[in-house]
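have a look at this prediction, sequence included:
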Amino acid sequence: MTSAYASAHERSLKDPDGYWGDAARLIDWIKPAEKVLDDSNAPLYRWFTGGVLNTCYNAVDRHVAGGRADQAAIIYDSPITGAKRTITYAGLLDQVSRFAGVLVGQGVEKGDRVIIYMPMIPEALVAMLACARIGAVHSVVFGGFAPHELATRIDDATPKALVCASCGLEPGRIVRYKPNIDAAIDAATHKISSVVVFQREQETASLTAGRDVDWAAEMAVAEPQACVPVAATDPLYILYTSGTTGQPKGVVRDNGGHAVALRQTMTTLYDVQPGDVFWAASDVGWVVGHSYICYAPLLTGCTTVVFEGKPVGTPDAGTFWRVIEEHKVRVLFTAPTAFRAIRREDPNGELVRKYDRSSLKYLFLAGERSDPETLKWAEDQLKVPVIDHWWQTETGWAICGNPMGLEQFPVKHGSPTKAMPGWDVQVLDEGRHPVEPGQIGALVCKLPLPPGTLPTLWNAEDRFRKSYLTEFPGYYQTGDAGFVDDDGYVYVMTRTDDVINVAGHRLSTGAMEEVLAKHPDVAECAVIGVADDLKGQVPLGFVCLKVGVDRDSDQIVKELVKLVRDEIGPVAAFKQAVVVKRLPKTRSGKILRGTMQKIADHQDYKMPATIDDPDILPEIEEALEEIGLAGKRPEVV
């Protein structure tokens, strides 16, 4: 007898029109699609061409009309401020329709871009949904990003308006947003005509006359807006992800495929139903926040939790369990980093046992590779299935997972289980040939990708093709390496490029190198990601000083750390650099970052055949020993 998973997965690959056509019935359409899978411009596939809908209507209006007006849509919980607030679906409809009116009043029209620079407060979701309501394209930028990074995104997206809060909050400090925004707007070539500022009581920002308007004042007089019909293939949002060159890539998400895929995953993967409380403990600046704080739970008619806090320190390592008990959370979705921090503070689970967690049915982890020890600790403490799953900013939802709504598979620690319906995951060698089960190679996904994934990059189709479709023709290049075992379980082992994963946030080492190279004393530099028990990886800089520089190295390192923080932001977690005489390179001049990383992580490594001067590697090891990173000499094979 064919299993539920096997049947669904096979049908999704052999009959994508039928499979995703059925899934589309979970969404309300103004006009049904003329074609489910449009392959007329392969390999640039599109989904639901000819279809017309509105994402905001599906996430808000239809639930009010369908009897969920008084159900909680958003639960806001801020242990930093002590504030808690519940917004019903009826209340959310009122706020979103009026803020859509604010945007229209600022000249925003269908197709215009709006940048959203907000902390974890409900107004961030209101702004996103308001954009979707009027057919504007939002681009959420994480509030911790520095002016330079924000300016880069302004110039690429060319937004009509920017929506921001006066500040974000961290334990014990206020992060003033407005100075960053003003500096970014000044630095950008593209000029923004309107800035809408949500004033928080912890920090009141000054407004620039003629450009800035107050959120509350505008909401008081705004005319509510109805939903604007948009094509299924029209963009819903742009989300920037790091590129190896340091120039961010604007991942585009469409309206139709996005709504269908996310609504379907809530049933098949997360096993939640309308009315359930779903909590993704992430940030709206990242893809998880887009997919599973805002859109997927609301498309499903769930209650979503907007949490402004940390897994530890707000006030302690029990805050997650307190939220679960208080709000009756059914599913928690977070990054392994959060659980490593909780485990370090509460190794014996005393705080876990303090709270009633009976509502919790599943814990899902994603954003980075889940180490087996963290998974085992979570299983032992929570006594619920702990599900690792693998996806990317580009994909928007899980490539692989344990489909709890279809069929629960035995957990294999270190694996995100199997390819989800719609995904054909394969492992290829450098010659583009399939490898045997258990052999490591490049993890790729056979085209077409399922709905909800990126159809292109913003104004960069050539870069889209080059980044994802060229190296393995007919496949999407994930940039990850791994293997598939005899049971079809996928194992994701490492990145194949120089993008590092810091606490689930993909960050470009190239962007950090560009910043380090600006220092007047630096002649050459490299940044690698080194293993970290808490964050998964943290960046480490290597710098070669210019001839004649005799300043104190420690002072230079402090300046470099500050420089990265100022230009990229604290999200980079750049806290350490080491001064070296020279960098190991190939004879063609390529820096051997992979070998340097193995030395820093105490791994065995092979002497690269193309290395220009093998004597440099012991110098790197000695420099790392001085900062406590290369405590034992690796075996050089």
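Received it, and whenever you're ready, just let me know what you need.

any idea how far stretch 549-565 is from the middle of the chain?
Stretch 549-565 has its C-alpha centroid displaced from the chain centroid by 30 Å (Cα atoms, centre = their mean, to the nearest Å).

what comes up buried for that stretch?
By neighbour count on 16 or more other Cβ atoms under 10 Å, the buried set for stretch 549-565 is 556, 557, 560, 561, 563, 564, 565. To be clear about C-beta, it is placed using only N, CA and C from the backbone, and glycine gets the same treatment.

equivalent analysis for stretch 318-336, please.
Applying 16+ other Cβ under 10 Å to stretch 318-336 flags 318-325, 327, 329-336 as buried.

the lengthiest helix in the chain packs against which elements?
The longest helix of the chain (DSSP state H) is helix 89-105. Counting by 3 or more Cβ pairs under 8 Å, 6 or more residues apart in numbering; DSSP states H and E, the packing neighbours recorded for helix 89-105 are strand 72-78, helix 122-134, helix 215-221.

how far does it sit from the chain's center?
26 Å.

tell me the first helix or strand C-terminal of that helix.
Remark: after helix 89-105, the chain's next helix or strand is strand 113-117, criterion DSSP states H and E.

so what are the sheet partners of that next one and their directions?
strand 137-140 (parallel), strand 161-165 (parallel) (DSSP bridges).

which other residues reach the first one?
To tie it back to what came earlier, the one meant is strand 137-140. If you take Cβ atoms under 8 Å, 6 or more residues apart in numbering as the criterion, strand 137-140 is touched by 111-118, 124, 127-128, 131-132, 153, 157, 159, 235-240, 250, 284-285, 289-290.

just the CA trace of it, in PDB.
Provided in PDB are the C-alpha atoms of strand 137-140 (Å, rounded to 0.1, in the frame of the first residue of the first chain):
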ATOM      1  CA  VAL A 137       5.500  45.500  -3.300                       C
ATOM      2  CA  HIS A 138       7.000  45.500   0.200                       C
ATOM      3  CA  SER A 139      10.600  45.000   1.100                       C
ATOM      4  CA  VAL A 140      11.200  44.400   4.800                       C
END
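
most tightly packed of the strands paired with strand 113-117?
Highest mean neighbour count among the strands paired with strand 113-117 (mean count of other Cβ atoms under 10 Å): strand 161-165, with a mean of 27.

CA atoms only: put that strand into PDB for me.
Extracted in PDB, the C-alpha atoms of strand 161-165 (Å, rounded to 0.1, in the frame of the first residue of the first chain):
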ATOM      1  CA  ALA A 161       7.900  55.300   0.600                       C
ATOM      2  CA  LEU A 162       9.500  53.900   3.700                       C
ATOM      3  CA  VAL A 163       7.700  52.800   6.800                       C
ATOM      4  CA  CYS A 164       9.600  52.600  10.100                       C
ATOM      5  CA  ALA A 165       9.300  52.700  13.900                       C
END
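
could you number the chain from 26 rather than 1 from now on?
From this message on, residue numbering opens at 26, which makes the last subject strand 186-190.

give me the mean pLDDT for the helix or strand following that strand.
Using DSSP H and E, the helix or strand that follows strand 186-190 in sequence is strand 192-195. Average pLDDT, strand 192-195: 93.

and stretch 243-251, which residues are buried?
Of the residues in stretch 243-251, those buried (16+ other Cβ under 10 Å) are 243, 244, 247, 250.

hmm, I was thinking of stretch 332-341
So, applying 16+ other Cβ under 10 Å, buried residues of stretch 332-341: 332, 333, 334, 335, 336, 337, 338, 339.

so how far is residue 572 from residue 363?
Look at residue 363 and residue 572: by Cβ to Cβ, to the nearest Å, they are 46 Å apart.

I misspoke; the intended subject was residue 428.
Distance of residue 428 to residue 572, given as Cβ to Cβ: 59 Å.

neighbour count winner among these two?
Per other Cβ atoms under 10 Å, whichever of residue 428 and residue 572 has more neighbours is residue 428, with 27 against 6.

does residue 313 belong to a helix, a strand or coil?
Following DSSP: H, G, I helix; E, B strand; the rest coil, we place residue 313 in the helix state.

ok, it to residue 477 distance?
Computed as Cβ to Cβ, the residue 313 to residue 477 distance reads 14 Å.

check residue 572 too.
Distance from residue 572 to residue 477, by Cβ to Cβ: 53 Å.

tell me where the stretch 426-575 of the chain has strands.
For the stretch 426-575 of the chain, the strands defined by DSSP state E, counting those that start in this stretch occupy 443-444, 450-453, 466-471, 500-509, 515-520, 524-527, 530-533, 547-557, 561-570.
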